[in-house]
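[1] sequence and predicted structure, then a few things I'm wondering about:
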Amino acid sequence: MIATRKTKHNHGFPISGCVLPLPLLSLFALPASMILHGATASPTAIPTKFLGMDVHGDPVLLPLVGAGTWQYNDTIAYQSVCKAFHAGYTFVDTALGYGNQRGVGKAIQDCWEGERSDLFVMTKIPGGLNASQ
């Protein structure tokens, strides 16, 4: 079975025998709602991209597969992110403009079972920040 979603740009890549589309706003985030019910974490590690060093001198590694939350309300974001964590995802993509911060935050609080240092949360804010902020 191939999991697909019709979009203007229906690009996809294989994941465990399925072809899943890349969301338009998050190049490497896959919508958590596409995770099959009852799926479990894979023993295979998700590949990462080195982004640089953090303020403590530790490497920052971006997982190349993550759970997207665009166009989800708080309830759907909560359910999807919890399912993503259950399936082994360690990367959640969200943004202030999505309006689902409560659902995403509650899912992290209730459903994330790993170490905080193993969770990668990408968010976007209007206008961005500079070094003084």
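    Thanks, I have it.
[2] just the strands in the protein please.
    Using DSSP state E, the strands of the chain run over residues 12-15, 18-21, 29-31, 48-53, 59-63, 66-68, 91-93, 120-122.
[3] elements contacting the fourth one?
    It refers to strand 48-53. Here strand 48-53 touches strand 59-63, going by 3 or more C-beta pairs under 8 Å, 6 or more residues apart in numbering; DSSP states H and E. Every C-beta, even on glycine, is put in place using the N, C-alpha and C of the backbone.
[4] return the alpha-carbon coordinates of the strand it packs on using CSV.
    These are the backbone C-alpha positions of strand 59-63, laid out as CSV (Å, rounded to 0.1, in the frame of the first residue of the first chain):
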residue,chain,number,x,y,z
PRO,A,59,26.2,19.5,18.4
VAL,A,60,22.7,20.4,17.1
LEU,A,61,21.4,17.5,15.0
LEU,A,62,18.2,18.0,13.0
PRO,A,63,16.2,14.7,12.4
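[5] pLDDT on that strand, on average?
    Mean pLDDT, strand 59-63: 95.
[6] that one to strand 48-53, inter-axis angle?
    150 degrees (axes from the mean of the first three to the mean of the last three C-alpha atoms, to 10 degrees).
[7] identify the residues contacting strand 59-63?
    Applying C-beta atoms under 8 Å, 6 or more residues apart in numbering, the contact partners of strand 59-63 are 28, 46-54, 89-91, 120, 122.
[8] repeat for stretch 111-118
    Against stretch 111-118 from outside (C-beta under 8 Å, 6+ apart): 81-82, 85-86, 90, 119.
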